[in-house]
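Q: Next input, structure requested:
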Amino acid sequence: MSQLPESARAATVEKPARHADFAARVRSSASEPARVQLTAEWILSAFDDFYAEFLRLTWAARETFESRDHPAAVANARRRLGLYNATVYPLAEELQSAFPQLKEQEPLWREVESAYRTRVDGRYEADLALAYLHSAQRRVHHGEWKPVAYGFRGSHRVVPPVTAVSEYFPCSWPVDPLFVQRVLQVADLAVPFCDPARDAELIARRVNDVLAARSGAGLRAIEMLRAGFFRNRGAYLVGRLILKGAELKPCIIALVNTAAGLRAEALLHVVPHVHNLCSSTEAPFQVTNRHYHELAAFLHSIMPSRPLGLHYSTIGYYHFSKVAVMNEVRRCLVQEHERLSVAPGSPGTVTIAFTSPQLDYVLKVIRDRPTSGYKWERFEGADAVLAKYKGVHDINRTGSMLDNIVYYNLRLAHGWFESELASELLAAAPNSVQRQGRALVFRYLIAQRKLTPLNVFLEKAPQQKAERAMINLGFCIRNNAAANVFNKDFDARNYGVSRYLKIYLYDYDAVEALTDLKVRTNRDRCEGEEEVPAWFFEPGVVGGTAAGAARRGGARHPYLPRVMPSGRLRRADDPYRMSSVDDEIAWRHAPQIQGCRRPLDAGTR
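A: Numbering: from 1, shown residues only. Have a look, this model is predicted:
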């Protein structure tokens with residue numbers, strides 16, 4: 001499955017021939033049933049073009065890794081990230097123009113969907129195709145109070161053979177290096193290893209050392225995904241150790257492509273390190289296997305505490321992730337018989353955040369007007385704040401900013417909300433929330449992974465963990481700056497703490513481009529002075545052309561944080577410390593193979 005699927009290759013070649021003028025055909029059709037059938041065919045054609053290009057860009061990540069064309073790798077990843085909206089938005093505009101009744105007559109969409117489902121039935125990506133249809137429908141009704149379901153009811157999943165997803169290598173402890181050499185070939189990379197025997201020996205030694213304290217832990221096999229995981233300059237082989245009983249342990253091999261060939265750089269076997277690698281605060285991987293359900297389930301098996309929906313975002317299937325996350329929200333509220341209430345911590349001046357005790361996510365709505373505690377002179381409105389949240393999704397979050405899932409035209413049962421919360425939403429955000437019968441309809445809704453607010457954490461944390469969190473806060477701020485992001489509201493409430501004491505920025509109403517601000521010294525402040533000087537956030541620029549050169553990899557401005565040109569590891573004796581940002585490769589998360597560099601164990605769960 002490491003080869004680009006034939007359907008994707010064919011679609012990229014045949015696209016001009018298949019791209020008939022559907023708009024003209026819909027306009028000229030004499031009957032409404034014919035227009036419905038043509039519309040279904042039109043949307044599916046647009047989806048096929050999108051998905052073929054999505055797969056092409058995914059497989060291109062392997063080619064750029066093999067050729068060491070790192071600028072092309074970043075450009076392709078950025079294009080893939082925006083490809084969905086870049087195709088859905090113009091499609092929706094053309095649909096409105098050619099078939100305006102779609103906007104006026106809701107039953108027509110049910111007829112289009114019925115015809116569409118017939119066409120996608122039996123395809124592996126049928127649910128993704130349905131998500132595309134619903135996105136187009138949602139976009140046609142953009143700005144209206146017409147909710148469109150996030151779901152795939154009625155679709156039947158096609159299950160691929162196990163051998164199309166992973167390769168099973170039976171083995172026992174101690175692991176033989178010759179066996180590991182076979183494992184290293186699982187991604188079918190065209191570039192040879194510099195010294196495969198040496199890499200295999202080091203990996204086998206590390207696995208054997210890890211399992212030695214448990215006398216091998218009943219090792220039965222190593223199962224590896226038949227794919228490469230590519231991001232920026234790095235590549236990873238992702239697998240799991242299958243131990244006695246049903247126990248699974250991560251086994252991820254980090255690769256680097258040097259001028260002399262491939263080299264195994266690290267072995268990740270501790271769950272916290274794998275969480276760091278697959279975090280949604282990082283860019284998504286490009287994975288050369290199209291079976292996204294099985295990939296997400298495999299990742300969930302080695303990181304079970306991370307919600308399944310987020311594993312889809314790890315591999316770049318954001319729009320399926322949106323549906324999966326919302327299904328998790330609904331399932332939790334129904335099964336746990338919980339209601340949504342205001343999230344723990346201090347109330348937001350700009351957003352209303354809410355969750356439930358067992359829910360893995362925090363949901364947010366932006367107030368129409370900020371509360372009296374708002375710190376700035378001017379509020380640009382909810383749409384401007386929402387644009388900042390969407391902007392964070394589109395950039396390199398440097399491992400220090402939570403990703404955001406933004407839903408549009410979403411309906412949730414009114415009974416899922418505590419009455420006080422429902423009243424506050426309707427009173428404080430009437431331009432974003434309306435009640436329709438027994439439901440609340442959201443013009444938009446933001447979802448984020450639930451973290452402990454930093455101010456809440458510090459109230460009860462032991463001294464050692466509190467100090468580590470504050471040190472990691474410094475790394476978080478520096479990493480944000482390296483992404484040209486500056487949070488001018490330096491308040492502990494805007495940051496969250498993970499179970500591994502990493503710190504993330506998650507409130508974005510006060511973020512600005514660092515290069516749009518003036519940074520001045522505060523050395524002339526009087527001792528004990530508490531007030532923030534009036535010039536503190538004076539508009540301006542940082543560093544002029546030097547700052548731009550720094551972002552392009554040239555000379556950096558003396559006040560800009562340095563973006564590391566090559567991987568740099570954190571201290572090997574500190575599992576909680578966050579490193580400075582490395583914009584190119586995530587070796588900072590990786591425990592090193594014994595014999596290559598000093599081994600790193602988290603010593604945590």
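Q: And the helix or strand residue 206 falls within, what does it pack against?
A: For residue 206, the host element (DSSP states H and E) is helix 196-212. Counting by 3 or more CB pairs under 8 Å, 6 or more residues apart in numbering; DSSP states H and E, the packing neighbours recorded for helix 196-212 are helix 177-183, strand 261-268. The C-beta positions use only the backbone N, C-alpha and C, and glycine is treated the same way.
Q: residues making contact with whichever helix or strand comes after it?
A: Remark: after helix 196-212, the chain's next helix or strand is strand 221-225, criterion DSSP H and E. For strand 221-225, contacts defined as CB atoms under 8 Å, 6 or more residues apart in numbering pick out 165-171, 175, 183, 186, 237-242, 251, 287, 289, 295, 298.
Q: Now residue 310: which helix or strand?
A: According to DSSP H and E, residue 310 maps onto helix 308-314.
Q: Name the residues that touch that helix?
A: By CB under 8 Å, 6+ apart, helix 308-314 touches 278, 280, 284-285, 292, 295-297, 299-300, 303, 318, 320-321, 324-325, 327-328, 403, 405, 449.
Q: Return the distance of it from the chain's centre.
A: 7 Å (CA atoms, centre = their mean, to the nearest Å).
Q: Please apply the same query to stretch 88-98.
A: Here the centre of stretch 88-98 is set off from its chain's centre by 27 Å, with CA atoms, centre = their mean.
Q: circling back: pull out the buried members of the contacts of helix 308-314.
A: 278, 280, 284-285, 292, 295-296, 299-300, 303, 318, 320-321, 324-325, 328, 403, 405, 449 (16 or more other CB atoms under 10 Å).
Q: Now, the residues you listed that are in strands?
A: When DSSP state E is applied, the buried ones among the contacts of helix 308-314 are split such that 405, 449 fall in strands.
Q: Name the helix or strand of this protein that has the lowest mean pLDDT.
A: In the chain, no helix or strand scores lower on mean pLDDT, DSSP states H and E than helix 544-551, which sits at a mean of 37.
Q: ok, residue 85 - how many residues close by?
A: Neighbour count of residue 85, defined by other CB atoms under 10 Å: 15.
Q: Next, find the distance separating it from residue 119.
A: To residue 119, residue 85 is 23 Å away according to CB to CB, to the nearest Å.
Q: Report the angle between the lengthiest helix in the chain and strand 261-268.
A: For the chain, the helix with the greatest residue count under DSSP state H is helix 32-67. Between the axes of helix 32-67 and strand 261-268, defined by axes from the mean of the first three to the mean of the last three CA atoms, to 10 degrees, the angle is 100 degrees.
Q: tell me which residues of helix 32-67 are tucked away?
A: 35-62, 64-66.
Q: From residue 25, how far out is residue 149?
A: As judged by CB to CB, residue 149 and residue 25 stand 28 Å apart.
Q: does residue 447 really touch residue 363, like I thought?
A: Yes: counting by CB atoms under 8 Å, residue 363 is a contact partner of residue 447 at 5.5 Å.
Q: Need the overlap of contacts for those two.
A: Jointly contacting residue 447 and residue 363 under the rule CB under 8 Å, 6+ apart are residue 329.
Q: ok so, going back, between the helices and strands packed on helix 196-212, which one is closest to residue 424.
A: strand 261-268 (43.5 Å; CB to CB).
Q: any low-confidence regions in the stretch 501-605 of the chain?
A: 519-605 (pLDDT under 70).
Q: With the chain instead?
A: Scanning the chain for pLDDT under 70 picks out the ranges 1-20, 152-155, 519-605.
Q: Walk me through the domains of it.
A: 6-140, 162-320, 338-516 (automatic domain parsing).
Q: Kindly reformat those domains as TSV containing distance to residue 156.
A: TSV is the format used below for the domains of the chain (distance: least, CB to CB, whole Å):
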stretch	distance to residue 156
domain 6-140	7
domain 162-320	13
domain 338-516	25
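Q: Figure out which of those domains is closest to residue 332.
A: Smallest distance to residue 332 across those (CB to CB): 5.0 Å, for domain 338-516.
Q: How far does the closest one stretch from one end to the other?
A: 44 Å (CA to CA, to the nearest Å).
Q: Run the chain-centre distance for that domain.
A: Relative to its chain's centre, domain 338-516 lies at 16 Å (CA atoms, centre = their mean).
Q: And stretch 113-125, by the same measure?
A: 27 Å.
Q: And for it, what's in contact with it?
A: With contact meaning CB under 8 Å, 6+ apart, stretch 113-125 is reached by 36-37, 39-41, 43-44, 51, 126, 129-130, 133, 154-158, 160, 290-291.
Q: next one: stretch 418-431
A: Applying CB under 8 Å, 6+ apart, the contact partners of stretch 418-431 are 339-342, 352, 354, 365-369, 382, 414, 417, 433-435, 440, 443.
Q: Just those: which are in strands?
A: Filtering the contacts of stretch 418-431 for strands - DSSP E - leaves 341, 342, 352, 354, 365, 366, 433, 434, 435, 440, 443.
Q: Would you show me how to pick out the buried ones of the residues you listed in ChimeraX?
A: In ChimeraX syntax, the buried subset of the ones in strands among the contacts of stretch 418-431 is picked out as below (16+ other CB under 10 Å):
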select :352,354,365,366,433,440,443
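Q: Now distance to residue 497 too, for the ones in strands among the contacts of stretch 418-431, in TSV please.
A: Shown next, in TSV, are those (distance: CB to CB, whole Å):
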residue	distance to residue 497
341	21
342	19
352	21
354	19
365	23
366	24
433	29
434	35
435	35
440	30
443	31
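Q: closest to residue 208 among the ones in strands among the contacts of stretch 418-431?
A: residue 354 (48.7 Å).
Q: List the residues that contact the closest one.
A: Residue 354 sits next to 340, 341, 342, 343, 362, 363, 364, 417, 421 when contact means CB under 8 Å, 6+ apart.
Q: let's see it at 6 Å
A: 340, 342, 343, 363, 421 (CB atoms under 6 Å, 6 or more residues apart in numbering).
Q: Report the buried members of the residues you listed.
A: Among these, those classed as buried by 16+ other CB under 10 Å are 340, 343, 363, 421.
Q: so how far is residue 86 from residue 395?
A: As judged by CB to CB, residue 395 and residue 86 stand 17 Å apart.
Q: do residue 408 as well
A: Applying CB to CB to residue 408 and residue 86 gives a distance of 17 Å.
Q: more crowded one of these two?
A: Neighbours were counted for residue 408 and for residue 86 using other CB under 10 Å; residue 408 has more, 18 against 13.
Q: The more buried one and residue 137 touch, don't they?
A: No: look at residue 408 against residue 137 with CB atoms under 6 Å: they stay out of range, at 10.8 Å.
Q: okay, and the common contacts of these two?
A: Common neighbours of residue 408 and residue 137, using CB under 6 Å, 6+ apart, do not exist here.
Q: dump the residue contacts of residue 500.
A: Shown in contact with residue 500 (CB under 6 Å, 6+ apart): residue 272.
Q: With residue 301 instead?
A: Residues in contact with residue 301 (CB under 6 Å, 6+ apart) are residue 248.
Q: List the buried residues of stretch 247-263.
A: 248, 249, 250, 251, 252, 253, 254, 255, 256, 257, 262, 263.
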